[in-house]
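Q: Prediction below, plus the sequence it came from.
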Amino acid sequence: MDNDHIKLLQKLVSFNTITPSCIDAVRFCEELLKKWGFTTRIHQSGNVPNLMAYLNRGSKTLCVAGHLDVVDPGDGWTYNPFELVEHDGKLYGRGTNDMKGGLSSAIIAIRDFIKQPSDLSIMILLTGDEEVMTDNGMKSLMNYVTQYHNDFIIGVIPESCSPKNSGEYIKIGCRGSMNINLTSVGHQGHVACTKNNHLHKFVDTVNNLVNFHIDDGNSEFEPSTLQLTSIDVGNSVRNIVPNKITAEFNIRFNNVRSPNWIKQAICNLIPNTITANIETLSEPFIGCSGEWQRKTQTIVETSLNKTVNVGTAGGNSDAQTLHKYMNVVEIGSPLSQAHTANEFITRSDMDKLRKLYYDIFIGISILIKDRNYC
Ligand SMILES: [Zn+2]
């Protein structure tokens, strides 16, 4: 195996692509894919650059989708986050794990795949805002793309999503997400003469929420979870009871309860002295089921020569949008490294993923030859 996937990763990491500053990386990928015969278009939506690259080889299209943007490196780095550094088999840099590593392996696997005879067309979709997920990324790109293409059979996202080992998990969906904001406004006063401290009642309510059991999950999804993410009073003075306190929560919910059921249950726990704002950010979904799920699992297990799990654990991604247009699976590096300081992917995982993606593309290509199947 050549080192081209590592070289591509090195190049992609060198672009500082904190959302949505991806135009240089998008242009680089565009030039690369043009050389391989792809028809390309940069789809700029608002301040987000996205790339569509299409290689026409037949009436069925395989979609490979990913994001070029990364989160801010933050503090605590030993290395320059925007320069790929290898140490002890680990390749360090912002985005190496989420998801420039998987993407580089997938793009080079595509290059190798298109050298083989196949009547599978390929659509590569790269977005610039997945970490923030405005409407200007995958949503806007798919609105554009589907004006011309609606023959997608399956989408593969080489996203950082594996609970353990690279490639050994097929993510087929995701729980939904809901934000809750609570605000209590009471009386500001001296701590020595306050009788009914509204903060106390507020903390009781916070407790009731974090102890609220939503469901036990099901065969497709883990149990729904509610997490407290912030409590703020903005008070630096020790002898004042402040007049305002807020708390923020996030719920990751499955399809056992409806968003409305959850909202109502939450509201029942909140006294009317506290204001609640509840916003559903995304709904739970299953992006790949039935025959395609089983076939994909077989291809992956044959390639790796071991059994792999299929599930919906982990965070949201562009699959949230893509699944509305096609079957979609996410397969990639371990999620535990995503967004960390000194983020890395191992060289051996890069090699492993490159081979796996190649085998997946070949496997899907063989499947669609059987016209009865499609
Ligand atoms: Zn990602």
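A: Yep, it's here. Since the model is a prediction, treat every value here as computed from it, not as a measurement. Numbering: from 1, shown residues only.
Q: what comes up buried for the biggest helix by length in the chain?
A: Longest helix of the chain, by residue count under DSSP state H: helix 347-369. Of the residues in helix 347-369, 347, 349-365, 367-368 count as buried by neighbour count, 16 or more other C-beta atoms under 10 Å. Quick note: C-beta positions are derived from backbone N, CA and C, even for glycine.
Q: helices and strands around it, which ones?
A: Applying 3 or more C-beta pairs under 8 Å, 6 or more residues apart in numbering; DSSP states H and E, one finds that helix 347-369 contacts helix 4-14, strand 60-67, strand 90-92, helix 101-113, strand 120-127, strand 152-157, helix 290-304.
Q: Which one of the ones you listed lies nearest to Thr194?
A: Thr194 sits nearest to strand 60-67 of all those, at 49.8 Å, using C-beta to C-beta.
Q: got the angle for the closest one vs helix 101-113?
A: Strand 60-67 runs at 150 degrees relative to helix 101-113, counting by axes from the mean of the first three to the mean of the last three C-alpha atoms, to 10 degrees.
Q: Which neighbouring elements make contact with whichever helix or strand comes after strand 60-67?
A: Using DSSP states H and E, the helix or strand that follows strand 60-67 in sequence is strand 85-87. Counting by 3+ C-beta pairs under 8 Å, 6+ apart, the packing neighbours recorded for strand 85-87 are strand 90-92.
Q: gap between stretch 99-108 and the chain center?
A: Offset of stretch 99-108 from its chain centre (C-alpha atoms, centre = their mean, to the nearest Å): 15 Å.
Q: cool, stretch 165-179 as well?
A: The chain centroid and the centroid of stretch 165-179 are separated by 8 Å, computed with C-alpha atoms, centre = their mean.
Q: Now mean neighbour count too, for the helices and strands packed on helix 347-369, in JSON lines please.
A: Output for the helices and strands packed on helix 347-369, formatted as JSON lines (neighbours: other C-beta atoms under 10 Å):
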{"stretch": "helix 4-14", "mean neighbour count": "21"}
{"stretch": "strand 60-67", "mean neighbour count": "24"}
{"stretch": "strand 90-92", "mean neighbour count": "21"}
{"stretch": "helix 101-113", "mean neighbour count": "26"}
{"stretch": "strand 120-127", "mean neighbour count": "24"}
{"stretch": "strand 152-157", "mean neighbour count": "23"}
{"stretch": "helix 290-304", "mean neighbour count": "16"}
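Q: Of all the ones you listed, which one comes closest to the ion?
A: Closest approach to the ion among those (C-beta to the ion): strand 60-67, 5.6 Å.
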